[in-house]
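Novice: coordinates for the following, if possible.
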Amino acid sequence: MSLLESPAAQELLKDSTLLPSGIRNCRRDLAIFLRRYLPRFYRAEQREHAKVCIAGLLSDLQRKTCLPVAIAREVEEKPLQYFVGLGQWDDEAVMAELRQHVAEELASAQGCLIFDASGFPKKGQHSCGVKRQWCGRLGKIENCQVGVFMAYASEKGHGPVARRLYLPEDWAADHKRRTKCHVPAEVVFQTKLEIALQMVSRYGPQLPHAWVLGDDEFGRSAEFRAALRREAERYILDVPCNTLVRDLEQARPHRRKAGHGRKKEVPFRRADTWLKRQAPARWAHLKVRDGEKGPLEVQALRVRVKTKQDGRVGPEETLLVMRTVEPHPRTSYGLTNAPAKVSLEELMRAKHERHR
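Specialist: As a prediction, the model looks like this:
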């Protein structure tokens, strides 16, 4: 029996079948969608270039840069390239229209702002912001550009709402490279966490939301979590398994006498080490939501903790642990500042929204 004849492969093939009815109205729907955005390009040729670029990005071309798109659409490459790279149109006006569109279609009081820093591998050294740095897509340090992205998700759907190229500190200080790549003068060096906080402050009020979500690049930073608390934002942020925590719900930590009658606290434990000591009864079995292949079920627990980073003890937070229900379970950890009255079901629902 070939691999494609296996039951698992047949299930996948069944799910991947695309019927004519599924794409019959795509061209019409795209035209309707573009009516909202094309007026943001104030010259007729820019509007035409925008349509060509979007058609190219939605095509089956293997490479979707200006040259193959121009050839496929039978237009000149240079005007298209100029439009993408140097054209004098207001990209922030387009992005503002996008955020307004997302707010109109998807806004919910339980919405989530989701952050992710993504790397894009590059071969050369001339693209703006490119250098050897961590590339999450490849899981290693590689020559790449990195962007910080913000998306919005609710029970009504999800969509991107903001993006910003991360400019490494050496790039930000290099006048020659900045000039060559047309970096605006107002762009200064900011860490990825600072960029994300600026997005929350600038765009968060435009999008009703209950949660700020992010992976452990954001969650491991005590400063980032503290900044969100100062902004009165509720967060659920992934953290690595080696995060140092102290369980505040168990019996008072055992103390041993130190010199001069003083008492010394038992050291903080890694989250994964702490988890190994937990009784099975602490886990709750939950259905997070209905997935395409049936209910998505997880095991979860929550506990009030304090964390320790760089020798500093943080304020009280809640550690969330989620474990998948499958033969080889995957475990993830997160921290939240949600009040105790928020149910574990709601916390798990929101935490899982990050994967959108």
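
Novice: where do the helices sit along the chain?
Specialist: For the chain, helices defined by DSSP state H occupy the ranges 7-15, 20-23, 26-37, 44-57, 66-73, 77-85, 91-106, 169-172, 175-180, 192-203, 216-219, 222-230, 271-276, 344-352.

Novice: most tightly packed of these?
Specialist: Sort those by mean neighbour count, taking mean count of other Cβ atoms under 10 Å, and helix 216-219 sits at the top with a mean of 21. No exception for glycine: its C-beta is placed from N, CA and C like everyone else's.

Novice: average model confidence for that one?
Specialist: The average pLDDT within helix 216-219 is 95.

Novice: cool, stretch 131-150 as well?
Specialist: What stretch 131-150 shows for mean pLDDT is 93.

Novice: can you give me the end-to-end span of that stretch?
Specialist: Using Cα to Cα, to the nearest Å, the end-to-end distance of stretch 131-150 comes to 23 Å.

Novice: residues making contact with it?
Specialist: With contact meaning Cβ atoms under 8 Å, 6 or more residues apart in numbering, stretch 131-150 is reached by 113-123, 125, 127-130, 160-166, 168, 170-171, 192, 195-196, 199, 203, 217.

Novice: show the buried residues in these.
Specialist: Buried members of those, scored by 16 or more other Cβ atoms under 10 Å, are 113-117, 119, 122, 128-130, 161-162, 164-166, 168, 171, 192, 195-196, 199, 203, 217.

Novice: report the contact partners of the residue nearest to Ala173 when sequence neighbours are not counted.
Specialist: Nearest non-adjacent residue to Ala173, counting by Cβ to Cβ, 6 or more residues apart in numbering: Phe189, 7.3 Å away. By Cβ under 8 Å, 6+ apart, Phe189 lies in contact with Leu167, Pro168, Glu169, Ala172, Ala173.

Novice: can you redo those as a markdown table with distance to Val298?
Specialist: Output for those, formatted as a markdown table (distance: Cβ to Cβ, whole Å):
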| residue | distance to Val298 |
| --- | --- |
| Leu167 | 38 |
| Pro168 | 37 |
| Glu169 | 40 |
| Ala172 | 42 |
| Ala173 | 46 |
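
Novice: of those residues, closest to Cys66?
Specialist: Proximity of those to Cys66 (Cβ to Cβ) peaks at Leu167, which lies at 22.9 Å.

Novice: what's the neighbour count on that closest one?
Specialist: Neighbour count of Leu167, defined by other Cβ atoms under 10 Å: 23.
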